[in-house]
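# test case, fold it:
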Amino acid sequence: MGFKDNAKAWFKKGMKPTEIQFSQVFNWLRWKDETILTSEVNQLDGILATKAERAEQIQLRTEVNTLKADVNQIQADNILLTQKVNTNEQNILTNTNDINLLREGLALGLRDLEEITLETGVSQEFVLPENSMLLALDASGTGHVKVGSASGLDDYADGQSPTVLNFGFFKTTSVWLQADTAVVVRPIIFQM
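A predicted model of the protein is given here:
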């Protein structure tokens, strides 16, 4: 029998509770100003611990999902960066094959101009079209070609033909050309 059932029997009709019984009832009651410990409430500590564990699990899952999203973003950025690097490597002019690819029309604005025949030992000025840049000179024949400014004929490039002299995107209005034997050159320009 519990405390409640004991106390009810003391207060039935015709019964007279003793001083000790009254005192016992008051000791069994919880008063409003008394603190109730969590350990005194049946299974409350276990319930609270389970809730805390669940909250930690939810927090950990959220952090794991955030990290997974970050990793996925880094992988996607890596793929884009690799593609850009590969594209940039393919776009660098390094040899005759690159010039040939450009000639095939892969670059917008690329123009092969008419051939220029260079006479032996004669300096000749080549004036670039307006809004254009010199990419290369494709020289055919067997002579040595010099390319330069008006003040120095070999200050830009020189080479033994057949050859392609690369200039990148050289912004100038004109260049001077000279060969030690008859050589034919074809300017390759980029016109904006």
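# okay, CA-based contacts and neighbour counts for the rest of this
Fine.
# got the contact list for Pro187?
Neighbouring residues of Pro187 by Cα atoms under 8 Å, 6 or more residues apart in numbering: Asp112, Leu113, Glu114, Glu115, Leu134, Leu135, Ala136, Leu137, Asp138.
# measure how buried the first one is and give me the count.
For Asp112, the number of neighbouring residues by other Cα atoms under 10 Å comes to 15.
# that one contacts Ile189, doesn't it?
Yes - under the criterion of Cα atoms under 8 Å, Asp112 makes contact with Ile189 at 6.5 Å.
# still on that earlier bit, would CSV of the contacts of Pro187 with distance to Gln75 and pLDDT be doable?
Listed next are the contacts of Pro187 as CSV, based on distance: Cα to Cα, whole Å; pLDDT from 0 to 100:
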residue, distance to Gln75, pLDDT
Asp112, 42, 70
Leu113, 45, 78
Glu114, 49, 82
Glu115, 50, 84
Leu134, 40, 82
Leu135, 37, 78
Ala136, 39, 82
Leu137, 42, 81
Asp138, 43, 85
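# and the buried ones among these, selectable in PyMOL?
The PyMOL command for the buried members of the contacts of Pro187 (criterion: 16 or more other Cα atoms under 10 Å) is given here:
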select buried, resi 134+135+136+137+138
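# now, the contacts of Pro187 that are in strands?
Among the contacts of Pro187, DSSP state E puts Asp112, Leu134, Leu135, Ala136, Leu137, Asp138 in strands.
# tabulate those (JSON lines), appending distance to Lys51.
Supplementary listing: the ones in strands among the contacts of Pro187 in JSON lines, determined by distance: Cα to Cα, whole Å:
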{"residue": "Asp112", "distance to Lys51": "77"}
{"residue": "Leu134", "distance to Lys51": "74"}
{"residue": "Leu135", "distance to Lys51": "71"}
{"residue": "Ala136", "distance to Lys51": "74"}
{"residue": "Leu137", "distance to Lys51": "78"}
{"residue": "Asp138", "distance to Lys51": "79"}
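# closest to Val183 out of the residues you listed?
Sorting the ones in strands among the contacts of Pro187 by how near they are to Val183, with Cα to Cα, puts Asp138 at the top with 10.3 Å.
# residues contacting that closest one?
Pro162, Thr163, Val164, Leu165, Val185, Arg186, Pro187, Ile188.
# over to the first one: give its phi and psi.
Listed backbone geometry of Pro162 is phi -70, psi 140, with angles given as degrees, to the nearest 10.
# so which residues of the chain form helices?
Residue ranges of the helices in the chain, as given by DSSP state H, are 3-10, 19-28, 44-91, 96-101.
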